[in-house]
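model this:
(one chain, ligands or ions: 2)
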Amino acid sequence: MAVESTKKESWVLTVMAQTPTNIAVIKYWGKRDESLILPINDSISVTLDPSHLCTTTTVAVSPSFTSDRMWLNGKEIPLSGGRYQNCLREIRSRASDVEDAEKGIKITKKDWEKLHLHIASYNNFPTAAGLASSAAGFACLVFSLAKLMNVKEDNGQLSAIARQGSGSACRSLYGGFVKWIMGKDDKGSDSIAVQLVDENHWDELVILIAVVSSRQKETSSTSGMRETVDTSPLIQHRAAEVVPKRILQMEEAIKNRDFPTFVQLTCSDSNQFHAVCLDTSPPIFYMNDTSHRIISCVEKWNRSEETPQVAYTFDAGPNAVLIARNRKTAALLLQRLLFHFPPQSDADLNSYVVGDKSILKDAGIQDIKDIEALPPPPEIKDIIPAQKFTGDVSYFICTKPGKGPILITDEDKALLNPETGLPK
Ligand SMILES: Nc1ncnc2c1ncn2[C@@H]1O[C@H](COP(=O)(O)OP(=O)(O)OP(=O)(O)O)[C@@H](O)[C@H]1O
Ligand SMILES: C[C@@](O)(CCOP(=O)(O)OP(=O)(O)O)CC(=O)O
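Ligands and ions are numbered 1, 2, ... in the order given. From the prediction side, this is the model:
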């Protein structure tokens with residue numbers, strides 16, 4: 001081993017990072033290259049606050065490691081899959097010299113080809129449940145390895161590597177609102193994410209996620225979009241005609257904090273994404289009755305007001321992501337949602353609304369009894385009896401637009417033991 005160290009062969013070098021998840025407001029659905037993960041249209045997302053939803057990853061290198069290994073949420077998983085291999089290869093090829101004088105470690109660019117890695121990652125929210133764990137996960141993998149290996153590329157170039165782990169992951173390299181430019185190059189060099197505005201630009205927005213089901217879904221995004229591209233005539237029209245115009249309008253709406261236009265575009269694009277899923281043969285159903293009821297609730301409210309109050313969007317699953325114009329509307333939204341979707345009688349309010357729980361106080365809810373006492377929303381007062389669907393929502397997450405990846409220096413939080421490089 002060409003690695004120089006005073007404590008020869010015994011050292012472990014680690015880096016830890018935290019990366020947010022993101023939700024698309026103009027959806028990515030369909031690839032033009034399956035292995036490089038190149039999309040058929042641009043997409044735009046909002047990054048979610050990592051204090052509520054994030055991935056934390058510790059990566060380690062040591063001459064004592066005999067193979068690349070990874071642990072996800074405490075369980076060892078194989079790294080043999082093409083997507084992990086593509087990310088590892090791309091990152092390794094960009095590694096630079098690393099020197100840690102304090103620990104007496106010197107790794108040259110060439111050493112990285114032979115050195116093995118240990119990776120431990122933890123999602124603080126359900127994995128593979130339609131909450132974009134793959135987005136936060138691959139972004140964090142690439143970001144933390146890039147820091148460990150002293151990769152000089154900027155986050156835009158790193159996004160092109162994260163993209164090869166999972167398309168939507170490229171957008172998690174930035175905070176705020178982010179555009180994934182589809183690019184033209186066959187090799188994907190220009191298929192990268194760019195930040196449109198940072199998380200402070202539109203910081204009034206409040207995001208409520210209704211977790212409708214945390215079970216693993218039937219059709220993965222990867223196979224679902226492949227089937228759509230192969231069989232749906234509508235997807236061609238969407239990619240060529242609809243999305244390019246919406247991208248321009250959405251960029252303007254975000255720049256100008258134009259909430260009514262933002263709502264109209266976000267809801268229409270979510271609905272069109274689910275329409276192309278229905279247009280797939282055989283059809284793919286990601287939303288369920290609860291998702292449809294949430295859409296109706298929001299549509300009725302928006303239509304009863306002078307201007308729209310809330311946008312909804314659904315990814316490849318039944319969970320609703322609801323974006324309210326400010327805290328006041330978010331509190332009114334939560335009242336409506338809790339009225340229609342109260343928890344089971346034995347539920348604990350503390351685990352029914354998670355994330356930024358202070359929204360409960362704004363909504364005037366201190367305990368479960370306050371939910372029972374909620375009056376029907378005024379816009380449905382003529383519908384008797386008002387419909388309630390107890391237990392159909394598992395829980396709610398209250399969050400907001402958030403920042404991009406960060407390094408974590410607190411060694412106590414590391415997921416790998418700094419002496420052995422094995423999970424703590
Ligand atoms: N922290 C992580 N680090 C690395 N890979 C991860 C991490 N979390 C999830 N993944 C990968 O992503 C896969 C889950 O992706 P999948 O697309 O099925 O679900 P999801 O991303 O949670 O949902 P969706 O993409 O529909 O929003 C996992 O099986 C794993 O391979
Ligand atoms: C509906 C979506 O969430 C689809 C995300 O698909 P993935 O990024 O999970 O798919 P792969 O690139 O095959 O890994 C819309 C979006 O995030 O833009």
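
for ligand 2, what are the nearby residues on this protein?
Proximity of the chain to ligand 2, by C-beta under 6 Å from any ligand atom, involves residues 24, 27-29, 37, 43, 134, 166-168, 221-222, 315-316. To be clear about C-beta, it is placed using only N, CA and C from the backbone, and glycine gets the same treatment.

Output those in JSON lines; the columns should cover pLDDT and secondary structure.
Below are these laid out as JSON lines (pLDDT from 0 to 100; DSSP: H, G, I helix; E, B strand; the rest coil):
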{"residue": "Ala24", "pLDDT": "98", "secondary structure": "strand"}
{"residue": "Lys27", "pLDDT": "98", "secondary structure": "coil"}
{"residue": "Tyr28", "pLDDT": "98", "secondary structure": "coil"}
{"residue": "Trp29", "pLDDT": "98", "secondary structure": "coil"}
{"residue": "Ile37", "pLDDT": "98", "secondary structure": "coil"}
{"residue": "Ser43", "pLDDT": "98", "secondary structure": "strand"}
{"residue": "Ser134", "pLDDT": "94", "secondary structure": "helix"}
{"residue": "Ser166", "pLDDT": "98", "secondary structure": "coil"}
{"residue": "Gly167", "pLDDT": "98", "secondary structure": "helix"}
{"residue": "Ser168", "pLDDT": "98", "secondary structure": "helix"}
{"residue": "Ser221", "pLDDT": "94", "secondary structure": "helix"}
{"residue": "Thr222", "pLDDT": "96", "secondary structure": "helix"}
{"residue": "Asp315", "pLDDT": "95", "secondary structure": "coil"}
{"residue": "Ala316", "pLDDT": "93", "secondary structure": "coil"}
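
got any ranges where the stretch 101-250 of the chain has weak pLDDT?
213-217 (pLDDT under 70).

That one: strands as residue ranges?
105-107, 116-123, 177-180, 193-197, 206-211 (DSSP state E, counting those that start in this stretch).

What pairs with the fourth one, parallel or antiparallel?
With DSSP bridges as the test, strand 193-197 is paired with strand 177-180 (antiparallel).

ok, residues contacting the strand it pairs with?
22, 28, 39, 42-47, 159, 163, 167-168, 170-171, 191-197, 201-202, 247, 251, 254, 401 (C-beta atoms under 8 Å, 6 or more residues apart in numbering).

quick revisit: save the strands of the stretch 101-250 of the chain as CSV, and put in mean neighbour count and distance to Asp362 too.
Formatted as CSV, the strands of the stretch 101-250 of the chain follow (neighbours: other C-beta atoms under 10 Å; distance: least, C-beta to C-beta, whole Å):
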stretch, mean neighbour count, distance to Asp362
strand 105-107, 21, 51
strand 116-123, 22, 28
strand 177-180, 25, 25
strand 193-197, 20, 26
strand 206-211, 23, 10
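
Nearest to Thr329 among those strands would be which one?
Nearest to Thr329, of all the strands of the stretch 101-250 of the chain, is strand 206-211, at 7.6 Å by C-beta to C-beta.

neighbouring strands for the closest one, and are they parallel or not?
When DSSP bridges is applied, strand 206-211 pairs with strand 320-324 (antiparallel), strand 395-399 (antiparallel).

quick one on the thing from earlier: of all the strands of the stretch 101-250 of the chain, which lies closest to Ser93?
Nearest to Ser93, of all the strands of the stretch 101-250 of the chain, is strand 116-123, at 14.1 Å by C-beta to C-beta.

can you tell if the closest one touches ligand 1?
Yes - with C-beta under 6 Å from any ligand atom as the criterion, ligand 1 is reached by strand 116-123 at Ser121, Asn123.

Sheet partners, orientation included, of that strand?
strand 54-62 (antiparallel), strand 69-72 (parallel).

looking at the ones you listed, which is buried most?
Counting by mean count of other C-beta atoms under 10 Å, strand 54-62 has the highest mean neighbour count of the strands paired with strand 116-123, with a mean of 26.

Weed out the non-buried ones from the residues of the chain next to ligand 2.
When the residues of the chain next to ligand 2 are checked for burial by 16 or more other C-beta atoms under 10 Å, the buried set is 24, 27-29, 37, 43, 134, 166-168, 221, 315-316.

which among these are in contact with ligand 1?
When contact is defined as C-beta under 6 Å from any ligand atom, these meet ligand 1 at Ser134, Ser221, Asp315, Ala316.

contacting residues for the last one?
Read that as Ala316. Counting by C-beta under 8 Å, 6+ apart, Ala316 has contacts Gly130, Lys217, Thr219, Ser220, Ser221, Gly224, Tyr286.

tell me which parts of the stretch 1-150 of the chain are close to ligand 1?
Residues of the stretch 1-150 of the chain lying near ligand 1 (C-beta under 6 Å from any ligand atom): 55, 72, 121, 123, 127-135, 137-138, 141.

Return the closest of these with respect to Ala330.
Nearest member of these to Ala330, counting by C-beta to C-beta, is Leu131, at 18.8 Å.

hang on, isn't the closest one packed against Phe125?
Yes - with contact defined as C-beta atoms under 8 Å, Leu131 counts as touching Phe125 (5.3 Å).

Could you check which of these two has the larger neighbour count?
More neighbours surround Leu131 than the other of Leu131 and Phe125, with 24 against 21 (other C-beta atoms under 10 Å).

backbone phi and psi for the more buried one, please?
Taking degrees, to the nearest 10, you get phi -110, psi 20 for the backbone angles of Leu131.

what about it, distance to Pro318?
11 Å (C-beta to C-beta, to the nearest Å).

ok, what's across the strand from the closest residue to Leu72 other than its chain neighbours?
Among residues not flanking Leu72 along the chain, Ser121 sits closest, at 5.4 Å (C-beta to C-beta, 6 or more residues apart in numbering). Beta bridges link Ser121 to Thr57, Leu72 when assigned by DSSP bridges.

need the contact list for Ser121.
Here Ser121 is in contact with Thr55, Thr56, Thr57, Thr58, Met70, Trp71, Leu72, Asn73, Gly137, Cys140, Leu141, Leu415 (C-beta under 8 Å, 6+ apart).

just those residues now: which is nearest Ser93?
Leu141 (15.5 Å).

tally of neighbours for that closest one?
27.

does the host helix or strand of Val298 come close to ligand 1?
Per DSSP states H and E: Val298 is located in helix 289-304. No - judged by C-beta under 6 Å from any ligand atom, helix 289-304 makes no contact with ligand 1; its nearest approach is 13.7 Å.
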